[in-house]
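Requesting a structural model of the entry that follows:
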Amino acid sequence: QVQLVESGGGLVQAGDSLRLSCVASGHTESRYAMGWFRQAPGKEREFVAVVSWSGGMSDYANSVVKDRFSISRDNVRNTVYLQMRNLKPEDTAVYYCAADRRYGSTWRGPVGNLEVWGRGTLVTVSS
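Numbering: from 1, shown residues only. Okay, the predicted model is just below:
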């Protein structure tokens, strides 16, 4: 099993950029796909993006997210990143990192199906 720790959240203004990081530790020899979810106040946790273990494949929640967010990973550092640009107040949420040895539709299904979760990092975007 791996452990995930997110960082990089904070308070920013609309239009700013922010890069979130998620470091994996533990049994990192397993080939985990890694990704990001977010949960806004009073809303359900939603899928944002996922990247395959090799980094060769990625998927985003929708074209709107893909236009402003970019997921990447560095397997030497056991870290996955979420670069967010042109942030909007509606991006305000707790952002969670997740890992699973499966890549694909699992990430768009019930969040409980994913193997490992971090504790989240709060992103607040002021208008």
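
What distance separates the opening and closing residues of stretch 56-65?
Stretch 56-65 has an end-to-end distance of 19 Å (CA to CA, to the nearest Å).

contacts for it?
Residues from elsewhere that reach stretch 56-65 (CB atoms under 8 Å, 6 or more residues apart in numbering): 46-52, 66, 69, 71, 103, 107. Heads up, the C-betas are built off the backbone N, CA and C, glycines and all.

Farthest-apart pair in those residues, please.
Glu46 and Ser52 (20.1 Å; CB to CB).

Give the rounded mean pLDDT of stretch 32-45.
The average pLDDT for stretch 32-45 rounds to 96.

in that stretch, what counts as buried?
Going by neighbour count (16 or more other CB atoms under 10 Å), the buried part of stretch 32-45 is 32-38, 45.

still on that earlier bit, looking at the contacts of stretch 56-65, spot the one nearest Tyr96.
Using CB to CB, the shortest approach to Tyr96 within the contacts of stretch 56-65 belongs to Val48, at 9.0 Å.

Tell me the secondary structure at the closest one.
strand (DSSP: H, G, I helix; E, B strand; the rest coil).

Can you name the residues in contact with the one helix or strand Phe37 maps to?
Taking DSSP states H and E as the criterion, Phe37 maps to strand 33-39. Outside strand 33-39, the residues that touch it by CB under 8 Å, 6+ apart are 4, 20, 22, 24, 45-53, 71, 73, 80, 82, 91, 93-103, 107, 111, 120, 123.

Nearest the geometric middle of this protein, what residue?
Closest to where the C-alpha atoms of the chain average out (CA atoms, centre = their mean) is Trp36, at 1.9 Å.
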